[in-house]
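J.: Have a look at this prediction, sequence included:
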Amino acid sequence: MKKLLLSLLFTLPAMAQDGFRNENGNLIWQHTYPATANIIANVETQPDLKVEIATNDSQMGFAEKIKNSCSEGSPAIRNDYKFSFTVKNEGGNYVVTVTDIKIIEVMGPMQARTVVNRCEKYLVDSSLKIRKDPRSQKDIGCIDNFLTGVFSGTMTNVAMTAN
């Protein structure tokens, strides 16, 4: 019983950090997966996730173009994404951190214009805080589900695009 309480005491703070957090106006997404999920193997099987640095217990890399087909978010949020990621094995769990999240919007009558915007443009207000309005919260939930699926290998409601 004592071991169970101690393990809960140390794992709850790590799990409480899941989702988005704001650091000086920059959105950072983090999710903790159990070791049984083997996130490092999932990353290696994703053709759109490029690993730049890999060690026994961590990976660092980026995604250049991954399509988010979430039907719940606003039209801008449903575009392709690019981001940087880090996967670390900490305390028997995999902690995935995603930074520099950008939305790739294709515009124009013939979709000839591409604009890359930081996701903060849509989700952070002028006081550098995460927006709390219903639309922004729905968009945050959509991106959260998308990123969770990318790294867990489940990819529910998300389609990958080839480069």
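T.: Ah, there it is. Numbers count the residues shown, from 1 in each chain.

J.: rest of the way, CA atoms for contacts and neighbours
T.: Fine.

J.: Roughly how far does the spatially most central residue of the chain sit from residue 109?
T.: Central residue of the chain (C-alpha atoms, centre = their mean): residue 147, 3.7 Å from the mean position. When distance is defined by C-alpha to C-alpha, to the nearest Å, residue 147 is 30 Å away from residue 109.

J.: Over to residue 118?
T.: The value you get for residue 118 to residue 109, if C-alpha to C-alpha is used, is 23 Å.

J.: coming back round to it: tell me which helix or strand the residue nearest to the centre of the chain sits in.
T.: helix 134-152 (DSSP states H and E).

J.: Run the chain-centre distance for that helix.
T.: 8 Å (C-alpha atoms, centre = their mean, to the nearest Å).

J.: List the buried residues in it.
T.: For helix 134-152, a neighbour-count test (16 or more other C-alpha atoms under 10 Å) marks 136, 138-148, 150-152 as buried.

J.: now do stretch 61-73
T.: Those would be 61-63, 65-70, 73, for stretch 61-73 by 16+ other C-alpha under 10 Å.

J.: could you dump those residues to CSV with distance to residue 44 and pLDDT?
T.: Formatted as CSV, those follow (distance: C-alpha to C-alpha, whole Å; pLDDT from 0 to 100):
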residue, distance to residue 44, pLDDT
61, 11, 95
62, 12, 95
63, 12, 94
65, 16, 91
66, 15, 90
67, 18, 84
68, 19, 84
69, 22, 69
70, 23, 81
73, 28, 82
